[in-house]
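1. Return atomic coordinates for the entry below.
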Amino acid sequence: MRDPKYLDNSDYLAMAEALEVHREEEQIFGRDLYDFDCHASEILDAKYEEVSTDEVIAQCTHLSPAQREDLRKVLNDFPKLFNGTLGI
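-> Purely as a prediction, here's the structure:
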């Protein structure tokens, strides 16, 4: 282990270079990338709307007509999933 109070020239130059890179990043991106808030984005309120099962099935274009009809039967058994309210 080295003496924590001793700083040789290579250590000093490495710290100076890291600081310069940090300053360049601030100038390029316009914000401090070491600030935790600069990476966070605001979580918006969720929007819940009623959706018909027919609309959901119409978006399932990757399914065959028979598979869509099977899906329609299953989804019609759970209308509460599509009523636009937040569940438990």
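
2. is it true that Leu86 touches Tyr48?
-> Yes - under the criterion of Cβ atoms under 8 Å, Leu86 lies in contact with Tyr48, with a separation of 5.8 Å. Placement of C-beta: from N, CA and C, glycine included.

3. Tell me which of the two has more neighbours.
-> With neighbours defined as other Cβ atoms under 10 Å, Leu86 and Tyr48 compare such that Tyr48 has more, 11 against 6.

4. which ones are touching that one?
-> Taking Cβ atoms under 8 Å, 6 or more residues apart in numbering as the contact definition, Tyr48 lies against 84-86.

5. which SS class is it?
-> Taken by DSSP: H, G, I helix; E, B strand; the rest coil, the conformation at Tyr48 corresponds to coil.

6. For the helix or strand harbouring Leu71, name the packing helices and strands.
-> Using DSSP states H and E, Leu71 sits within helix 65-76. Packed against helix 65-76, as judged by 3 or more Cβ pairs under 8 Å, 6 or more residues apart in numbering; DSSP states H and E, are the following elements: helix 53-58.

7. what about the helix it packs on, average pLDDT?
-> Across helix 53-58, the average pLDDT comes to 89.

8. Poorly predicted segments of this protein, please.
-> Using pLDDT under 70 as the threshold, the predicted model of the chain has low-confidence ranges 1, 30-40, 88.

9. Please go through it and pick out the longest helix.
-> Of all segments of type helix in the chain, defined using DSSP state H, the longest is helix 9-29.

10. Using PDB, write out every CA atom in it.
-> What follows is the C-alpha trace of helix 9-29 in PDB, where atoms were taken according to Å, rounded to 0.1, in the frame of the first residue of the first chain:
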ATOM      1  CA  ASN A   9       3.200  13.000 -11.100                       C
ATOM      2  CA  SER A  10       1.300  10.200 -12.900                       C
ATOM      3  CA  ASP A  11      -1.400  10.200 -10.300                       C
ATOM      4  CA  TYR A  12      -1.800  14.000 -10.600                       C
ATOM      5  CA  LEU A  13      -1.900  13.900 -14.400                       C
ATOM      6  CA  ALA A  14      -4.600  11.100 -14.300                       C
ATOM      7  CA  MET A  15      -6.800  13.200 -12.000                       C
ATOM      8  CA  ALA A  16      -6.300  16.300 -14.100                       C
ATOM      9  CA  GLU A  17      -7.200  14.400 -17.300                       C
ATOM     10  CA  ALA A  18     -10.300  12.900 -15.600                       C
ATOM     11  CA  LEU A  19     -11.400  16.400 -14.500                       C
ATOM     12  CA  GLU A  20     -10.800  17.800 -18.100                       C
ATOM     13  CA  VAL A  21     -12.900  15.000 -19.600                       C
ATOM     14  CA  HIS A  22     -15.600  15.800 -17.100                       C
ATOM     15  CA  ARG A  23     -15.600  19.400 -18.000                       C
ATOM     16  CA  GLU A  24     -15.700  18.600 -21.700                       C
ATOM     17  CA  GLU A  25     -18.700  16.300 -21.200                       C
ATOM     18  CA  GLU A  26     -20.500  19.200 -19.400                       C
ATOM     19  CA  GLN A  27     -19.800  21.500 -22.300                       C
ATOM     20  CA  ILE A  28     -20.900  18.900 -24.900                       C
ATOM     21  CA  PHE A  29     -24.100  17.700 -23.200                       C
END
